[in-house]
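Colleague: no sequence on this one, just coordinates:
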């Protein structure tokens, strides 16, 4: 049957892995729902891991999918995806996005211009408590980062807003990584293997850059 | 049909969701509407106690969903108001007894005959919360002016926005104006700076709320309570009326009167 080819179900150590193929998402979703209805007895009681490959899926759709599975007594535990957007949306709902294997390597697109920049992720929204962003490159946020939020970057972290959450720059060992913010007030700031907390602020917030100088985490104000 | 199913949630426990649900529902009913409130906190039900209806429970939400009774049989009419009804939660089960689509189906059955449906959400971010927000048209987040409550409110607002059920509206409950003045407590501005959502109510701390819970008489029925007035104002704002926020420092209480006498030399 054509439908079966689009959806593969396999039992693995962490649970039941359902792999959806890279067709049109509406088709893939319909095939997925049909397969789950057919196999719901077999799937009962396990935790479901859904591998959606390259599909970009909105958080609300993931939420609906999870609710639909709940109806059949199935627990959606994790979403695996090559799409950064889908991963972030899954994380925002509290779903796992890794199951004992590292995030798949993202192939860097090389753009042919005179200056090759470095790989970065840009997020244009305020990040509420519980959100997390992980990237091997840099992370830029246009918006606030609220307490309870986590940003982990292999490179630098720039926040055009209030930084009040937890940040870890240079997470893969880069001691030269920096953290910049308009209001640098993180609950915890880490650069590579250094950890620091924020002292009580005196006066109005000003833009600052945190970096490691002589083995210490130092915040340098931006002087115009 | 829009904006009539209201879910009241918070993330943090104990901030006043059940009190708010009971009082807003009662105020809407006093204003003449037909209101049904539903306790979605399965296993830890409280809405029945706060409304003073716990002795009248025969059937509950799970009985309806599992088909052991009809919807009407589980609806308990309020003692005081003939147009206010409660569907209580089950106490002997837990949140896995109900799924989000069960809730949506149940609410669809109620929509045509009620003007307002209020759902009291449990604390947390798991199944119970998802059950409660699934059918919502309008979501109210309750928080206290206190750092851990605001942290949890931020999380819950993030989840509501992620599920595209926003915008969330905020009620700041249990504010103590004297403490805010002394800068010992977060002010509404402090809370809004972090949460950045529309504020639809500020309810001051009021000992009478505890008494009202003990008696099963919602505080909105007490004409002299500031907290009661605040909940009545929230109900009016939900109905679409433009109600200015109360001046909580204009205290008509005991201490306010004493200090006025002293300052004016006792005239």
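Modeller: Looks like it came in fine. The shown structure was predicted, so the numbers you read here are calculated from the model rather than taken from an experiment.
Colleague: shaky segments in chain B?
Modeller: Low-confidence segments of chain B (pLDDT under 70): B:1-3, B:250-267.
Colleague: before we move on, what about chain A?
Modeller: Applying pLDDT under 70 to the predicted model, the residue ranges of chain A that meet it are A:1-5, A:100-116.
Colleague: Walk me through the domains of it.
Modeller: Following automatic domain parsing, chain A resolves into domains at A:2-92, A:120-221.
Colleague: will you turn those into a markdown table that also has distance to residue B:128 and mean neighbour count?
Modeller: Where C-beta positions appear, they are placed from N, C-alpha and C, glycine not excepted. Listed next are these as a markdown table, based on distance: least, C-beta to C-beta, whole Å; neighbours: other C-beta atoms under 10 Å in any protein chain shown:
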| stretch | distance to residue B:128 | mean neighbour count |
| --- | --- | --- |
| domain A:2-92 | 12 | 17 |
| domain A:120-221 | 17 | 18 |
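Colleague: Adding distance to residue B:21, write the ones you listed out as CSV.
Modeller: Shown next, in CSV, are the domains of chain A (distance: least, C-beta to C-beta, whole Å):
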stretch, distance to residue B:21
domain A:2-92, 23
domain A:120-221, 24
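Colleague: Can you give the distance of the one helix or strand residue A:38 maps to from its chain's centre?
Modeller: Secondary structure assigned from DSSP states H and E places residue A:38 in helix A:25-43. Relative to the centre of its chain, helix A:25-43 is centred 26 Å away, using C-alpha atoms, centre = their mean, to the nearest Å.
Colleague: Report the beta-bridge partners for residue A:195.
Modeller: Beta-bridge pairing for residue A:195 (DSSP bridges): residue A:190.
Colleague: what ranges do the helices span in chain A?
Modeller: With DSSP state H applied, chain A shows helices at A:2-6, A:25-43, A:59-71, A:84-92, listed in chain order.
Colleague: now residue B:139, what's its secondary structure?
Modeller: strand (DSSP: H, G, I helix; E, B strand; the rest coil).
Colleague: mind checking how far it is from residue B:9?
Modeller: Look at residue B:139 and residue B:9: by C-beta to C-beta, to the nearest Å, they are 6 Å apart.
Colleague: okay if I get the helices of chain A as JSON lines plus distance to chain B?
Modeller: Converted to JSON lines, those look like this (distance: least, C-beta to the nearest C-beta, whole Å):
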{"stretch": "helix A:2-6", "distance to chain B": "23"}
{"stretch": "helix A:25-43", "distance to chain B": "13"}
{"stretch": "helix A:59-71", "distance to chain B": "4"}
{"stretch": "helix A:84-92", "distance to chain B": "4"}
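Colleague: Skipping adjacent residues, who's closest to the residue of chain A found nearest chain B in space?
Modeller: Closest to chain B within chain A is residue A:128: 3.2 Å, counting by C-beta to the nearest C-beta. Excluding its sequence neighbours, the residue lying closest to residue A:128 (C-beta to C-beta, 6 or more residues apart in numbering or on different chains) is residue B:158, at 3.2 Å.
Colleague: which stretch of helix or strand covers the one you found?
Modeller: helix B:147-162.
Colleague: Going along the chain, name the strands of the stretch 51-200 of chain B.
Modeller: Counting by DSSP state E, counting those that start in this stretch, the stretch 51-200 of chain B forms strands over residues B:76-77, B:84-87, B:116-120, B:138-143, B:168-175, B:198-204, given from the N-terminal end onward.
Colleague: Which of those strands sits closest to chain A?
Modeller: Ranking these by distance to chain A, with C-beta to the nearest C-beta as the measure, places strand B:168-175 first at 10.5 Å.
Colleague: Can you pull the residues of chain A lying near chain B?
Modeller: A:58-60, A:63, A:66-68, A:70-71, A:89, A:92-94, A:126-131, A:146-148, A:164 (C-beta under 8 Å from any C-beta of the partner chain).
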